[in-house]
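J.: Structure of the sequence below:
(one chain, ligands or ions: 1)
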Amino acid sequence: MSTSPRSGAAQARTGQQYLSAIDDGRQVFINGQCLTRHSQHPAFSGAVASVAGLYDYQASHLEDMTFDLDGQRRVSKAWELPQRHEQLLGRAHASLAWARQSLGWLGRSPDHVSAALSGMLTHIEVFEAHCPDRAAALKSYFAYARERDLYLTYTIVNPQGDRSRSPGEHAQNLYHTLGVVKETDAGVIVTGAKMLGTAAVLADEVLVGVQNPLKPGVDERYALSFALPLNTPGIKILSRVSYAEGSNRFDHPLSSRFDENDALIYFDNVLVPWERLFVYGDTGMCRRQFHSTAAEVLMDTQSLARLTTKLHFLTGLAQRMTEITGVSDFPAVRELLGEMACNTLMIEGLFKSLIHCPVTQGKYVVPDKKHLYMCQAVAQSVYPKFIETLRKLAGGGVIMLPSSVDDLANPQARALMEQTQYSSVASPLERVQVMKLAWDAMGSEFGSRHLQYEMFYSGPHFVALSRVHSEYDWEGAKALACSALAETAEFR
Ligand SMILES: Cc1cc2nc3c(=O)[nH]c(=O)nc-3n(C[C@H](O)[C@H](O)[C@H](O)COP(=O)(O)OP(=O)(O)OC[C@H]3O[C@@H](n4cnc5c(N)ncnc54)[C@H](O)[C@@H]3O)c2cc1C
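T.: As a prediction, the model looks like this:
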């Protein structure tokens, strides 16, 4: 059921409110410039507008997308701590609805990191065991971010550098990776880099953490988690190349709207106040922050909602593309299309299993961790195969295209386009549009980045598999296997 905002009723954050907050003076480095007002820069304006659209969608679908926080305001369901199964289902359906607004192409939409924080709060005892002051800081930050419905991104991976040793073993370069330089009365001063802040140009604040293994006795200075506004003095956002700049809706229908950007973030002697510091000095706690709480399961359940939407989109695109080229009913092509549909339904089925077969932990109802890890590993393998199939189906049709929208304005070039872009089921213009959409999804820089994203955003594949290995019920499986030998006891 959808509702529109009513005057006098609790309201949710709007796109306009988001837009008024985003040019906050943060330092964004791109193409040799340092911007301090970035939202209307061609590299970012398309994605900023898409995020504003998400907030407007939320504000006009209050029942489906939000919950009443305190009678004064409604905030995203991603901030709700699920105590009943319906609440888990409600947040999952809200994520699906938002994913549909970006057709699955915004990975770090605002419901991702808010889900991670909610998952930390459902297991606040893990932080209390680490340090009561840090737990209090997290609780108070959660309340602050939730009542403002803030958009957070995160950087929870150390920069690649030299992975053969842990950060503390690089004595010549101790602050390549973000670490504590000193403590003050106000907090800790940190310096160094974190990768890879997807949507750092779009979000209000950044949550910092560590998913990489850290060595006790060596790496304590890197054992940190905190959250800061992205305009905090000393934070420098080092943008990758933009796939949106120079794009347009005709030639790059996805890049122009959904290039959420990724950035290395450098912290140059940044003060982290004590009240924003959630983990400090305990190497094991960095892992427990995500894996002994529901942070990872809630944030990546949102990711599965998004991936489900994206795969439906790509499957539909493959079907239309092959109808246009006249091959959709060939048996070999139906088989490939069937395989895409099958993989899409498999991911959708995994997403449903996460939300329909939850576990109860304390007061909360959350997805099962071992199933979540399995979903991460499966999704990382499915996506590259999916893109390979789409490429097989496309042939050269995604390349034999007009160079740009400007060709449409040249009468001679347009006439030649009409002459050469033949299909028996679509106009030449539709054919060109569908093929450009397909190339943007699978072959453009934007499309290639998405392949890398799906393979890595939840960590490398070997890590996903090792998490499954740690959680799987090996004893149960072994007992089942060995039960087949029970009746052969006489041979022993
Ligand atoms: C598009 C994109 C967006 C991202 N967005 C974010 C974000 O918003 N926030 C964030 O925090 N992170 C983000 N990441 C970072 C992501 O979490 C990391 O890329 C991921 O954790 C893998 O780490 P890495 O890139 O350093 O690769 P590495 O850890 O260096 O691994 C690369 C490869 O090296 C090999 N390898 C490395 N170590 C081992 C080992 N011990 N044993 C065997 N093989 C090994 C494997 O083949 C592995 O696949 C993003 C990444 C991408 C690509």
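J.: For residue 487, report the pLDDT, please.
T.: According to the predicted model, the pLDDT of residue 487 comes to 75.
J.: ok, it - how many residues close by?
T.: For residue 487, the count of nearby residues is 7 (other CB atoms under 10 Å). Where C-beta positions appear, they are placed from N, C-alpha and C, glycine not excepted.
J.: Over to it. Which of the three states is it?
T.: helix (DSSP: H, G, I helix; E, B strand; the rest coil).
J.: Tell me how far it lies from residue 187.
T.: Spatial separation of residue 487 from residue 187 under the definition CB to CB, to the nearest Å is 67 Å.
J.: Now do the contacts for residue 193.
T.: Taking CB atoms under 8 Å, 6 or more residues apart in numbering as the criterion, residue 193 is in contact with 159, 176, 177, 178, 264, 265, 266, 267.
J.: one more time with 10 Å
T.: Residues counted as contacts of residue 193 (CB atoms under 10 Å, 6 or more residues apart in numbering) are 155, 158-161, 175-178, 236, 238, 264-268.
J.: ok but it is inside a helix, no?
T.: No - note on residue 193: no helix contains this position according to three-state DSSP, which reports strand.
J.: give me the beta-bridge partners of it?
T.: For residue 193, the residues forming beta bridges with it (DSSP bridges) are residue 177, residue 266.
J.: how about the strand or helix carrying residue 450 against the ligand, any contact?
T.: Secondary-structure assignment from DSSP states H and E places residue 450 in helix 445-456. Yes - figure legend: helix 445-456 in contact with the ligand (CB under 6 Å from any ligand atom); contacting residues 449, 452, 453, 456.
J.: Now, of the residues you listed, which are buried?
T.: Those of the residues of helix 445-456 next to the ligand that meet the buried threshold are 449, 453, by 16 or more other CB atoms under 10 Å.
J.: now the residues of helix 445-456 next to the ligand as TSV including pLDDT and distance to residue 107?
T.: Formatted as TSV, the entries for the residues of helix 445-456 next to the ligand read as follows, by pLDDT from 0 to 100; distance: CB to CB, whole Å:
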residue	pLDDT	distance to residue 107
449	98	10
452	98	11
453	98	6
456	97	11
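J.: Who are the packing partners of the helix holding residue 450?
T.: helix 255-258, helix 295-324, helix 369-394, helix 428-442 (3 or more CB pairs under 10 Å, 6 or more residues apart in numbering; DSSP states H and E).
J.: Compute the inter-axis angle for that helix and helix 369-394.
T.: Compare the direction of helix 445-456 with that of helix 369-394 by axes from the mean of the first three to the mean of the last three CA atoms, to 10 degrees and you get 150 degrees.
J.: Quick check: chain neighbours aside, which residue is closest to the residue in the stretch 301-450 of the chain that the ligand sits nearest to?
T.: When scored by CB to the nearest ligand atom, the stretch 301-450 of the chain has residue 449 as its residue closest to the ligand, at 5.5 Å. By the measure of CB to CB, 6 or more residues apart in numbering, the closest residue to residue 449 outside its immediate chain neighbours is residue 243, 6.8 Å from it.
J.: A strand includes the one you found, no?
T.: No - for residue 243, which was evaluated using three-state DSSP, the result is coil, with no strand membership.
J.: Helix, strand or coil: sort out residue 236 for me.
T.: The three-state label given to residue 236 by three-state DSSP is strand.
J.: so what's it up against?
T.: 26-29, 34, 193, 263-268, 270.
J.: do the same with residue 92
T.: With contact taken as CB under 10 Å, 6+ apart, residue 92 is in contact with 77, 82, 298, 301-302, 304-305, 351-352, 354-356, 367.
J.: all strands of the protein, in order?
T.: Per DSSP state E, the chain has strands spanning 27-30, 33-35, 66-68, 74-76, 152-155, 179-183, 187-194, 205-208, 224-229, 235-239, 263-273, 277-280, 359-361, 364-366. These are given in chain order.
J.: pLDDT of the first one, averaged?
T.: Averaging pLDDT along strand 27-30 yields 98.
J.: So which other helices or strands are in contact with it?
T.: Strand 27-30 makes packing contacts with strand 33-35, strand 235-239, strand 263-273 when contacts are defined by 3+ CB pairs under 10 Å, 6+ apart.
J.: Contacts for that strand next, please.
T.: Here strand 27-30 makes contact (CB under 10 Å, 6+ apart) with 34-39, 41, 43-44, 200-201, 230-242, 245, 261, 263-264, 266, 268.
J.: Distance of the residue in the stretch 1-150 of the chain that the ligand sits nearest to relative to residue 115?
T.: With distances taken as CB to the nearest ligand atom, the stretch 1-150 of the chain approaches the ligand most closely at residue 108, which sits 5.5 Å away. For residue 108, the distance to residue 115 equals 11 Å [CB to CB].
J.: Find residues that contact each of those two.
T.: With CB under 10 Å, 6+ apart as the test, residue 108 and residue 115 both reach 299, 302, 303.
J.: Counting neighbours, what do you get for residue 171?
T.: The local packing count at residue 171 equals 7, with neighbours defined by other CB under 10 Å.
J.: residue contacts, residue 278?
T.: Residue 278 is in contact with 117, 120, 127, 130-131, 134-139, 141-142, 207-209, 224-227, 272, 285, 289, counting by CB under 10 Å, 6+ apart.
J.: quick one: which of the contacts of residue 92 is most hemmed in?
T.: Counting by other CB under 10 Å, residue 298 has the largest number of neighbours within the contacts of residue 92, with 31 neighbours.
J.: Check whether that one really touches residue 304, as I assumed.
T.: No - in terms of CB atoms under 10 Å, residue 298 does not count as a neighbour of residue 304; the distance is 11.0 Å.
J.: in the stretch 101-250 of the chain, what spans have low per-residue confidence?
T.: Scanning the stretch 101-250 of the chain with the threshold set as pLDDT under 70 gives no residue ranges.
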